[in-house]
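In: let's see this in three dimensions:
(2 chains)
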Number of protein chains: 2
Amino acid sequence: MSDRAKTVTAAVIIIGDEILSGRTKDQNLGFLAEALNEVGVQLRECRMIADVEAEIVAAVNDLRGRFDYVFTTGGIGPTHDDITADSIGAAFGLKVDHNPEAVAVLEAHYAHTGAELNQARMRMARTPVGAALVENPVSKAPGFRVENVYVMAGIPAVCQAMFHSLKHELVGGDPVHSISIAVHLAEGTLANGLGALQEKYPDVSMGSYPFYRDGRFGASIVARSQTPDRLMAAANEIRQLMRDLNGEPIEEND
Amino acid sequence: MSDRAKTVTAAVIIIGDEILSGRTKDQNLGFLAEALNEVGVQLRECRMIADVEAEIVAAVNDLRGRFDYVFTTGGIGPTHDDITADSIGAAFGLKVDHNPEAVAVLEAHYAHTGAELNQARMRMARTPVGAALVENPVSKAPGFRVENVYVMAGIPAVCQAMFHSLKHELVGGDPVHSISIAVHLAEGTLANGLGALQEKYPDVSMGSYPFYRDGRFGASIVARSQTPDRLMAAANEIRQLMRDLNGEPIEEND
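Out: Below you'll find the model as predicted:
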């Protein structure tokens, strides 16, 4: 037996009416899910909520106690609807004020670009008192961290850049490896055999994801584990199960 | 003054490890956001959670009290990881059993296709006792409703078909109309004027969504209201604000 796998978890909070209205498709969740797994952190929950302080406070306070890390995206710009910094302050009971280090970053940036560092832009230097900054190499206005909660921008290019700035701080566990195998068999045909394999491999999580493409039903079976040897063994048995049912396994991994 | 607008709200729970792992991009949220708004229901929160009963129970019980409707997608197939029906039963304290009406639907379907109605497939006829069924014209295995919680499939084609089967049951309020106007101006330039317009039009919600495309920053200003006249008036003032700041308004509506 290997040592017990170390599991580190995270939740993401995507803040913004735009996503909920359906006008904007979120592009940050998929990126964060994969980027977190690369550093050994498993995304376990995502919430998409409106730009309403009480909702942000409730989500942050629920999730920061249940997961090792929480990441928020959105609502840290200069406009009236950017209320994330104040909401994080409220969640932690911290005063929110201009962060001297962030002010210096913005002053240097706007001196360089020639744009006016007006009152609205100065909003982007506000953080809960004591927050650590997260560098923004794209557009300078920083994100920040309070305890285990990282606050990032919503623009995908900026969110991704901020994540790369902060990821060295994360203490990950063992990454989850996965193998995905599709087959043109109905889930109902696979279900009994797959259930038996799941019982045989309790340390390999097996998910069945039905699809409907080109008028044919099928299923992708995804096996996940923190133990590569067990994952390979389980995947071989899944392929054999498919063949026994007259299905042809289709490898779906990158 | 018109009568006060009637607001009806909803939350969506997307159940499945696949979305959280980043392997599968959710396709149901955008559809539901738009389809709900068409019948006068505003999507206010979305949660993406793992296939874990305690998580499903907690999310359902939190959201069903806070919103007029809750819609779940995923986890109602025949495999071992399809635990949504049991979890909804647990959330409501209801026994889960084979639903006679659902059994009849499956018996007729599999008699027609010739596939075996095995024990795994019979799982798809299980609902909390007393649940009302939601018709599935695509693949027959039905969704269901308990009180204000609708349980739908995760496959986008099936989810969409189920939503069309159930939408006549929803009692909507006044739909939200929106106008989106983009401009190649920095948010920090727009922010003061936009904040003043937001104060002038409290019944029009104004959001600013920065973008970064082709090396240029800009922002989409989205105005939303249940009162079309006020929305038009606010949008005209937003366009004028952009022109006053030497920006060219770009209409983004369909």
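
In: how is chain A partitioned into domains?
Out: A:8-169, A:177-251 (automatic domain parsing).

In: pick the most buried one from the ones you listed.
Out: Greatest average neighbour count among the domains of chain A goes to domain A:8-169 (a mean of 20), per mean count of other CB atoms under 10 Å in any protein chain shown. C-betas here are computed from N, CA, C, even on glycine.

In: just how off-centre is that domain within its chain?
Out: Put simply, domain A:8-169 sits 13 Å off its chain's centre (CA atoms, centre = their mean, to the nearest Å).

In: what pLDDT, on average, does it get?
Out: Averaging pLDDT along domain A:8-169 gives 95.

In: what is the end-to-end distance of that domain?
Out: Domain A:8-169 has an end-to-end distance of 13 Å (CA to CA, to the nearest Å).

In: would a markdown table of the domains of chain A with distance to residue B:223 be doable?
Out: Converted to a markdown table, the domains of chain A look like this (distance: least, CB to CB, whole Å):
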| stretch | distance to residue B:223 |
| --- | --- |
| domain A:8-169 | 11 |
| domain A:177-251 | 38 |
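
In: could I get these as a markdown table with distance to chain B?
Out: Putting these into a markdown table (distance: least, CB to the nearest CB, whole Å) gives the following:
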| stretch | distance to chain B |
| --- | --- |
| domain A:8-169 | 3 |
| domain A:177-251 | 3 |
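
In: out of the ones you listed, nearest to residue B:247?
Out: Smallest distance to residue B:247 across these (CB to CB): 13.8 Å, for domain A:8-169.

In: tell me the contacts of residue A:56?
Out: Residue A:56 sits next to A:13, A:15, A:49, A:72, A:75, A:83, A:84, A:87, A:88, A:91 when contact means CB atoms under 8 Å, 6 or more residues apart in numbering or on different chains.

In: dump those residues to a markdown table, plus secondary structure.
Out: Shown next, in a markdown table, are those (DSSP: H, G, I helix; E, B strand; the rest coil):
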| residue | secondary structure |
| --- | --- |
| A:13 | strand |
| A:15 | strand |
| A:49 | strand |
| A:72 | strand |
| A:75 | coil |
| A:83 | coil |
| A:84 | helix |
| A:87 | helix |
| A:88 | helix |
| A:91 | helix |
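
In: which among those gets closest to residue A:5?
Out: Of all the contacts of residue A:56, residue A:13 has the smallest distance to residue A:5: 26.4 Å, by CB to CB.

In: how about the contacts made by that closest one?
Out: Residue A:13 touches A:46, A:47, A:48, A:49, A:56, A:59, A:60, A:63, A:70, A:71, A:72, A:73, counting by CB under 8 Å, 6+ apart.

In: of these, which belong to helices?
Out: A:56, A:59, A:60, A:63 (DSSP state H).

In: which residues does the third one contact?
Out: Taking CB under 8 Å, 6+ apart as the definition of contact, the neighbours of residue A:60 are A:13, A:70, A:72, A:87, A:88, A:91, A:149.

In: partner residues bridging the nearest residue to residue A:149 once chain neighbours are set aside?
Out: Among residues not flanking residue A:149 along the chain, residue A:70 sits closest, at 4.6 Å (CB to CB, 6 or more residues apart in numbering or on different chains). Beta-bridge pairing for residue A:70 (DSSP bridges): residue A:11, residue A:149.

In: check residue A:126 too.
Out: Beta-bridge partners, per DSSP bridges, of residue A:126: residue A:98.

In: now do residue A:218
Out: Beta-bridge partners for residue A:218, by DSSP bridges, are residue A:211.

In: mean confidence score for the strand or helix carrying residue A:190?
Out: Residue A:190 is part of helix A:187-200, with elements assigned from DSSP states H and E. Averaged over helix A:187-200, pLDDT sits at 96.

In: and for that helix, what's in contact with it?
Out: A:183, A:204, A:206, A:208, A:210, A:217, A:219, A:221, A:234, A:237-238, A:241-242, A:244-245, A:247, B:77-81, B:115, B:118-121, B:123-124.

In: one step back: wait, isn't the residue nearest to residue A:149 in contact with residue A:10?
Out: Yes. Using CB atoms under 8 Å, residue A:70 is in contact with residue A:10, at 6.8 Å.

In: could you pull out the strands in chain A for me?
Out: Residue ranges of the strands in chain A, as given by DSSP state E, are A:8-15, A:41-49, A:69-73, A:96-98, A:126-128, A:132-136, A:140-146, A:149-152, A:177-183, A:205-213, A:216-225, A:250-251.

In: I'd like the ones you listed as a markdown table, with distance to residue A:33 appended.
Out: Shown next, in a markdown table, are the strands of chain A (distance: least, CB to CB, whole Å):
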| stretch | distance to residue A:33 |
| --- | --- |
| strand A:8-15 | 8 |
| strand A:41-49 | 5 |
| strand A:69-73 | 11 |
| strand A:96-98 | 30 |
| strand A:126-128 | 26 |
| strand A:132-136 | 19 |
| strand A:140-146 | 19 |
| strand A:149-152 | 14 |
| strand A:177-183 | 12 |
| strand A:205-213 | 14 |
| strand A:216-225 | 13 |
| strand A:250-251 | 21 |
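
In: what about the longest helix along chain A, distance to the chain center?
Out: Secondary structure of chain A per DSSP H: the longest helix is helix A:228-244. Put simply, helix A:228-244 sits 29 Å off its chain's centre (CA atoms, centre = their mean).

In: got the CA positions of that helix in CSV?
Out: Coordinates of each C-alpha in helix A:228-244 appear next as CSV, following Å, rounded to 0.1, in the frame of the first residue of the first chain:
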residue,chain,number,x,y,z
PRO,A,228,-1.8,6.0,-11.2
ASP,A,229,-1.3,2.2,-11.0
ARG,A,230,-4.8,1.6,-9.8
LEU,A,231,-6.2,4.0,-12.4
MET,A,232,-4.5,2.0,-15.2
ALA,A,233,-5.8,-1.3,-13.9
ALA,A,234,-9.3,0.0,-13.6
ALA,A,235,-9.2,1.5,-17.1
ASN,A,236,-8.2,-1.8,-18.5
GLU,A,237,-11.1,-3.5,-16.9
ILE,A,238,-13.5,-0.8,-18.2
ARG,A,239,-12.2,-1.4,-21.7
GLN,A,240,-12.7,-5.1,-21.3
LEU,A,241,-16.2,-4.6,-20.0
MET,A,242,-17.0,-2.5,-23.1
ARG,A,243,-15.7,-5.2,-25.4
ASP,A,244,-17.6,-7.9,-23.6
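
In: cheers, nothing more for now.
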